[in-house]
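*Asks:* With the input below, show me the fold.
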Amino acid sequence: MSIATATAFLRLGKKYEIRTLFNEACVRLKECYPSKLPSSPLGRMQRHRLAGRDPLDFQLLNIAHEVGITTLLPVARYVCSQSATIEEIIDGYTWEGTVYKLDATNQRACIIGRDKRSALAYSAFEGLLSPKQERSMFFNSRWSCRNKQCALWYCVTTHPSDPFATWDTEWDSRFCGECVLALKREYEQCRKKAWNLLPSIFCLGTWESVVNVETSF
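*Replies:* Predicted coordinates:
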């Protein structure tokens, strides 16, 4: 199914309350972005059944917002705000001879979310990003390790610009075995915290509210 066909199915399905038509296209769109925290970094899903998408998915964002597929919006807006330039978000862009522009609501949300990405990362990873002089105190308060090398490297293991980046196995060699296990747990908890906060930076409230307002028949 192409994005153009999916758009037609969604509009007709919603207007005339044709459940089968709407749900068939809805499933295809939802395959493009996760609505549960994945074990890999956030991005466009590589395996999907929707052809003809523009590189920045402006079409997908617009139709998802138009017909109320709200559970797709947090991640799709996040990926868009990461990959699109501010000029593309504001003015649109041309691809294969066609001009693509975000609708006003998506445009505003992506601009606001773009500005809040760093704040989201620091809020979620505040423990792992504590100032240098606080590292040892914070580190030793969590578990029993007293290895100075572990404490030295602590807080240098995150991607503050991307709170959904996964743990890098190259970091394992920086710590003792006990600390690797403990830090991995801590790191994953920070990713989950960032995930819970994600809808709010794109003007969508909480994940619960995103689910509750989604169009369904």
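*Asks:* Report the helix or strand with the lowest average pLDDT across the chain.
*Replies:* helix 135-142 (a mean of 51; mean pLDDT, DSSP states H and E).
*Asks:* Quick check: residue 75 vs residue 173, distance?
*Replies:* 32 Å (CB to CB, to the nearest Å). C-beta: built from backbone N, CA, C; applies to glycine.
*Asks:* Kindly report the same for residue 71.
*Replies:* Applying CB to CB, the value for residue 71 to residue 173 is 39 Å.
*Asks:* For those two, indicate the residue with more neighbours.
*Replies:* residue 71 (22 against 8; other CB atoms under 10 Å).
*Asks:* Contacts only, for the closest residue to that one other than its chain neighbours.
*Replies:* Once flanking residues are discounted, residue 71 sits nearest to residue 35: 4.4 Å by CB to CB, 6 or more residues apart in numbering. The neighbours of residue 35, taking CB atoms under 8 Å, 6 or more residues apart in numbering as the test, are 71-72, 75.
*Asks:* part of a strand, is residue 35?
*Replies:* No: counting by DSSP: H, G, I helix; E, B strand; the rest coil, residue 35 is not part of a strand but coil.
*Asks:* what about the helices in this structure?
*Replies:* 3-15, 19-30, 58-67, 73-83, 86-91, 104-124, 135-142, 148-153, 177-201, 207-212 (DSSP state H).
*Asks:* Identify whichever of these lies nearest to residue 42.
*Replies:* Checking the helices of the chain against residue 42 by CB to CB gives helix 73-83 as the closest, at 5.7 Å.
*Asks:* what's the spacing between the spatially most central residue of the chain and residue 175?
*Replies:* The chain has residue 75 as the residue nearest its centroid, 3.7 Å off, counting by CA atoms, centre = their mean. According to CB to CB, residue 75 stands 31 Å off from residue 175.
*Asks:* ditto for residue 85
*Replies:* 38 Å.
*Asks:* what about the two, which has more around it?
*Replies:* The neighbour count for residue 85 versus residue 175, taken as other CB under 10 Å, is higher for residue 175 (21 against 11).
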